[in-house]
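**Q** Provided below for reference: sequence and predicted model.
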Amino acid sequence: MSTSAMDDLSVIATDEPMPRESPSSSSLLDWFSSVDHKRIGILYICTALVFLLIGGVEALVMRLQLVKPNNTLVSPDFFNQLFTMHGTTMIFLVGVPILVGFANYLVPLMIGARDVAFPRLNAFGFWLVPLGGILLHYSFLTGSAPNAGWFSYAPLSEKAYSSLQGVDYWLLALLVLGIGSVSSAINLIVTIVTCRAPGMSIQRVPLFTWMMLITSFLIVLAIPALNSALVLLLIDRTFGAAFFEPSRGGNSVLWQHYFWIFGHPEVYILALPAFGMISEVIPVFSRRPIFGYEFVAASTVAIGILSMGVWAHHMFAVGLGTTFDIFFAASSLLIAIPTGVKVLNWTATLWGGSIRLTVAMCFAIAFLIQFVIGGLTGVMFAVAPIDYQLTDTYFVVAHFHYVLFGGTIFALFAGGFYWFPKMTGRLLDERLGRVTFWLMVLGFNLTFFVQHFLGLMGMPRRTYTYGNHPGWYAFNAISTVGAFLMGLGVLVFLWNIARTLRSGKVAGDNPWDAFTLEWATSSPPPEENFARVPEIRSRRPVWDMNHPDLADFKTSSTPEDRRVQRSPAKLAAACFVVSEAMFFLLLITAYIVFNRRSAPSHVLEVGRAGFFTALLVASSVTLWFSERALRNSNRRAFLKWMTITLALGGVFLVNQALEYAGVLHRGVTISSNLFGSTFFTLTGFHGLHVLAGLIMLAILFALGWRGYLKTERSDVLAAVGYYWHFVDVVWVVVFSVVYLRVLT
Amino acid sequence: MHTQWLEHSRLPRLLADAAAVPVLSPVSPEAHAIRHVLIVVFFICVTIFVIVVLLIVVSLLRFRARDGDNAIPRQSFGSHRAEIGWTIPPMVIVLFLGLVAARLIVSEHAAPPDESADANSADITVIGHQWWWEIRYAGSTAVTANEIHIPVGRKLRVKVDSADVIHSFWVPQLGPKKDMIRGHPNFLWLQADRAGVYDGACSEFCGAQHAWMRFVVVAEDEQQYQTWLTHQARPAPTPTSAAAIAGRDIFFAQTCANCHAIGGTNAIANAAPDLTHFATRRDLAAGVVPNTRDNLTRWLRKPDQIKPGCKMPNFNFNDAQLDQLVAYLETLQ
């Protein structure tokens, strides 16, 4: 469903501003019902912190089990649940929500907006996070938490090898979380494109905002790939299909492709916002602008594009062939260029600055060094033969923890110390902060640096115990000690937060002499964000305000704001369509993979399907007529063409139901063979989209009938129109592939 | 003179053993080639790391603001010339690494020049099961489990496959790992340049006992290998002692034969390791414990205690039955 369009519908009915709680009363209910981006941002961050503690405890129990050889603290199955839940929690319930939370809080402030484009959609997206998180962890109560790994490789994750419900909870929780992520990503894109204050050209937004824009695009493209894999596995497990079950003709390598088409961009979804935070913190504490804004922004775009084409570097050991391996080795190596450039830009920002080593800055420096280590081991893995040896060993565990912990989590600490005063009005204690910093640096490097050696010594990942191999005991014990130092660091951090909230030093609007717009308002900012948005003539409006003699616009010029006003509803619908296109692309690919070289099916009537295809295409034309009628304020014609559109869509669905009855009658079901599985899955999901479109159109029809849908809001109908036309285009492709057998 | 030579030749090997880093102690041409590239890439990476860290440390030392120093540094927005300049070295390095990677990818997959067999033939077939390894030898009826014997110096083509979920075949000292995927058979080259016993492990997560899905590769000289292979292909010896005969009867009276095979008997199932020459193997249950009398008794008494989650059921044998069963299994030389 296009929830973004729905959100907009509510605006049609009441042209008043969003209902808002008054700032004076701050009861718990206000937090639950809030649609204020700042409160939702804080809710995201707090939720993520809770799950960080859960995922952290899971990690500590694993490290305790591994502290010595042949340890029996936990059972093998429980250990497998622990690393599955640790990975899933840290990525989906900590990494994504905490970054989206910071973005939610900061992006509107940074671009001088009053709120995000769709505040209700924003609240909806947030509440899916606790829902998904509870769904995932509820599985512990059933006695079988998911235990097939965060990657749930088939066929291990299939019913035959994971018969309990753990994997089902995992699938449903990830679908829920994915929907939430896509909705918040679309919201951020529309906010950044349409809600910027006057003067804030897209070339002037802070780099954190830039990176969130690219991250949001990656979410929109990557999550549907995961969703397609999840629904196929769910259909396997629930309805007995065999997409990923080789013993019944399925293809388990396909799961890996789909998972990593999502999984690798996901790494950048977790890394780019961290780059953004670093790009804010380093300049402020060096007291000079970022060196090469354009390079940092452009290299992010390059990383975003490249990240979609490197997924199979997770699959070098699968045996995909020489050509495949060379292609993905090369594309993975290429990512090192824009990433390396970023590191040099950050370093060049330090050079010649006036560096203040606050706790935030210390974390940023540690990020730089540790991220370089993680990046360089990444380069080693991109040389595929090294990966042949080291993949699935502790060397990989070390590598990605250097990227995601030494990188992203350290950046989050930097960002946390930097923006905490803005969010709460109080400065975190620097002395306690330094204790946290050193505990984290020491603990992190103890834990993960030695794991490089364990990998070279041949220790595979995901093993609940190990024997007396020379050296393994010592390094594992060191690693466990390090992990507990980090745990201590986190406790000191939480104590720091608690103490600061009670009696911390009052921050004032801009305690760091920072540059970007969020520091122009009070700390914490008022409900409406800005009493008056300052004049924006450069990338550092607050610097310009505080240092008028050295104002940026006096020494350098940035592109002026020449924006075309876009309809938020139409833009959101366009993003949603892109996301759905990715979903259908993978479903159609699955159909082609499984029906290649198969004999034509006798259960399909091509002529009849062709006729109803024509009807569906016709409904796009009639919808276009009704859009035109609405723009021309011709209510009767609008209602007439809408009626015809609804009727055509309805007839199409009825025919599909009848066709299903016929196919089932001939003995082809979703579980009988791979044709049946792919046919019902592909056309079924398309049918659901037609149904969703009809519901949206019916709502608009009803609003139009009552006279609420006016010409001024015809963009809402156009937005739903994007979706409807898209659904029709998908059907034309489905018809060509399934009925005309164009590609099979 | 003689002892001197011995010391000289032992020293490097002792050092290698002390380091105990299998990936860096290769004994096959494939693993050697990878180590060579690994070392080259490692030094490139270390160089880059040292340069970046030096730049950061020098900036921190030179440009750190002193307390109370509120001077504003020069506001510089960047320099396109510098930025284009420092994009070039990464590009050159990436190009170089790309060529190195491509060359090695091709050579790791390449067939040896004398190889003329068809694409699907293999000298050894290894099939992964949850959680053990089935090994078959081309041109021989020998079937073994969790222990692969190869002749030193000969390059063998190994087909890896799976009976259930995905496993991965990896012997760090002998070279690249390969996933074992049902419906997607893979091939790899296995060669050991030196006699020895090399540790191997499953390195794709495959369920409860992934940790104890280990195996060994025993490289021995050609003649020893041939003797071994001939022996393994023979049917199991017939038990002669009373205890062993009683043990055999237990084996067939219980459901053991539903999963295990023993050459020359009616037991032909393939759901668990072939036991024809079980007593010749080094380890029990894919590497958990050495194959000794005590361990075997413990294993048969409570399999779940040695390898929790394994598929071998607990038959609740009494002590007398255990002794007889062990006596029988020990005859399977």
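**A** That came through, no problem. Numbering: from 1, shown residues only, chains lettered A, B, ... in the order given.

**Q** When you work out contacts or count neighbours from here on, use the C-alpha atoms and nothing else.
**A** Will do.

**Q** Kindly list the longest helix within chain B.
**A** In chain B, ranked by residue count with DSSP state H as the criterion, the top helix is helix B:29-63.

**Q** buried stuff in it?
**A** Within helix B:29-63, the residues that qualify as buried by neighbour count (16 or more other Cα atoms under 10 Å in any protein chain shown) are B:29-35, B:37-38, B:41-42, B:45, B:48-49, B:52-53, B:55-56, B:59-60, B:63.

**Q** So, low pLDDT: which residues of the stretch 351-500 of chain A?
**A** Per-residue confidence for the stretch 351-500 of chain A (pLDDT under 70) gives no ranges below the cut-off.

**Q** what does it put close to chain B?
**A** With Cα under 8 Å from any Cα of the partner chain as the criterion, the stretch 351-500 of chain A meets chain B at residues A:351-357, A:369, A:372-373, A:376-377, A:380, A:383-386, A:388-389, A:392-393, A:453, A:456-458, A:460-467, A:470-471.

**Q** Looking at these, which are in helices?
**A** With helices defined by DSSP H, the entries of those inside them are A:369, A:372-373, A:376-377, A:380, A:384-386, A:388-389, A:453, A:456.

**Q** returning to what we had before: what is the helix or strand following the longest helix of chain B packed up against?
**A** Next in sequence after helix B:29-63, counting helices and strands by DSSP states H and E, comes helix B:80-109. For helix B:80-109, the packing partners by 3 or more Cα pairs under 8 Å, 6 or more residues apart in numbering or on different chains; DSSP states H and E come out as helix A:322-350, helix A:384-390, helix B:29-63.

**Q** Could you rerun that using 7 Å?
**A** The criterion is 3 or more Cα pairs under 7 Å, 6 or more residues apart in numbering or on different chains; DSSP states H and E, and the helices and strands that helix B:80-109 contacts are helix A:322-350, helix A:384-390.

**Q** about what we covered before: now neighbour count and distance to B:Arg214 too, for the ones in helices among the residues of the stretch 351-500 of chain A next to chain B, in a markdown table please.
**A** Shown next, in a markdown table, are those (neighbours: other Cα atoms under 10 Å in any protein chain shown; distance: Cα to Cα, whole Å):
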| residue | neighbour count | distance to B:Arg214 |
| --- | --- | --- |
| A:Ile369 | 20 | 37 |
| A:Val372 | 24 | 34 |
| A:Ile373 | 23 | 31 |
| A:Leu376 | 23 | 31 |
| A:Thr377 | 22 | 27 |
| A:Met380 | 24 | 26 |
| A:Ala384 | 30 | 24 |
| A:Pro385 | 34 | 22 |
| A:Ile386 | 26 | 22 |
| A:Tyr388 | 26 | 18 |
| A:Gln389 | 28 | 16 |
| A:Phe453 | 19 | 20 |
| A:Leu456 | 21 | 17 |
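
**Q** Let me have those in JSON lines, extended by distance to A:Gly607.
**A** Compiled in JSON lines, those are given as follows (distance: Cα to Cα, whole Å):
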{"residue": "A:Ile369", "distance to A:Gly607": "64"}
{"residue": "A:Val372", "distance to A:Gly607": "60"}
{"residue": "A:Ile373", "distance to A:Gly607": "61"}
{"residue": "A:Leu376", "distance to A:Gly607": "58"}
{"residue": "A:Thr377", "distance to A:Gly607": "57"}
{"residue": "A:Met380", "distance to A:Gly607": "55"}
{"residue": "A:Ala384", "distance to A:Gly607": "50"}
{"residue": "A:Pro385", "distance to A:Gly607": "52"}
{"residue": "A:Ile386", "distance to A:Gly607": "54"}
{"residue": "A:Tyr388", "distance to A:Gly607": "51"}
{"residue": "A:Gln389", "distance to A:Gly607": "55"}
{"residue": "A:Phe453", "distance to A:Gly607": "64"}
{"residue": "A:Leu456", "distance to A:Gly607": "62"}
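
**Q** Show me which of these is closest to A:Glu158.
**A** A:Tyr388 (26.4 Å; Cα to Cα).

**Q** re earlier: can you give me how far the longest helix of chain B is from the chain middle?
**A** When distances are taken as Cα atoms, centre = their mean, to the nearest Å, helix B:29-63 is centred 29 Å away from the chain's centroid.

**Q** what angle sits between whichever strand or helix holds A:Phe363 and helix A:322-350?
**A** Secondary structure assignment for A:Phe363, by DSSP H and E: helix A:359-382. Relative orientation of helix A:359-382 versus helix A:322-350 (axes from the mean of the first three to the mean of the last three Cα atoms, to 10 degrees): 160 degrees.

**Q** now helix A:359-382 against helix B:80-109, angle please.
**A** Orientation of helix A:359-382 against helix B:80-109 (the same axes, to 10 degrees) gives an angle of 40 degrees.

**Q** which strands and helices sit next to helix A:359-382?
**A** Packing partners of helix A:359-382 (3+ Cα pairs under 7 Å, 6+ apart): helix A:252-286, helix A:322-350, helix A:394-403, helix A:410-424, helix A:430-456, helix B:29-63.

**Q** quick one: that helix to chain centroid distance?
**A** Its chain's C-alpha centre and that of helix A:359-382 lie 22 Å apart, by Cα atoms, centre = their mean.

**Q** got the contact list for that helix?
**A** If you take Cα atoms under 7 Å, 6 or more residues apart in numbering or on different chains as the criterion, helix A:359-382 is touched by A:278, A:281-282, A:285, A:313, A:329, A:332-333, A:336, A:386-387, A:399-400, A:402-403, A:406-407, A:410-411, A:413-415, A:417-418, A:430, A:433-434, A:437, B:41, B:45, B:49, B:53.

**Q** Do you know the pLDDT at residue 203?
**A** Picking chain A for this. We have a pLDDT of 92 for A:Gln203.

**Q** Chain B was what I was after
**A** pLDDT at B:Ser203 comes out at 94.

**Q** The longest helix of chain B near chain A at all?
**A** Yes. Shown here: helix B:29-63 in contact with chain A (Cα under 7 Å from any Cα of the partner chain) through B:Ile34, B:Leu38, B:Val41, B:Cys45, B:Phe49, B:Val53, B:Ile56, B:Ser59, B:Leu60, B:Phe63.

**Q** list the contacts for A:Ala520?
**A** For A:Ala520, the contacting residues are A:Asp509, A:Val542, by Cα under 7 Å, 6+ apart.

**Q** now the strands for the chain?
**A** No chain in the question, so chain A it is. With strands called from DSSP state E, chain A shows them at A:426-427, A:505-506.

**Q** Chain B was what I was after
**A** Residue ranges of the strands in chain B, as given by DSSP E, are B:124-129, B:132-137, B:143-145, B:147-151, B:156-162, B:167-171, B:175-180, B:186-190, B:196-202, B:214-220, B:283-284, B:289-290.

**Q** which phi and psi does B:Pro172 have?
**A** phi -50, psi -40 (degrees, to the nearest 10).

**Q** excluding its backbone neighbours, what's nearest it?
**A** If the residues on either side of it in the chain are set aside, B:Pro172 comes closest to B:Val23, at 5.2 Å by Cα to Cα, 6 or more residues apart in numbering or on different chains.

**Q** okay, the nearest residue to B:Ala33 once chain neighbours are set aside: pLDDT?
**A** Counting by Cα to Cα, 6+ apart, B:Leu104 is the residue found nearest to B:Ala33 once chain neighbours are left out, at 7.6 Å. At B:Leu104, the predicted lDDT confidence score is 91.
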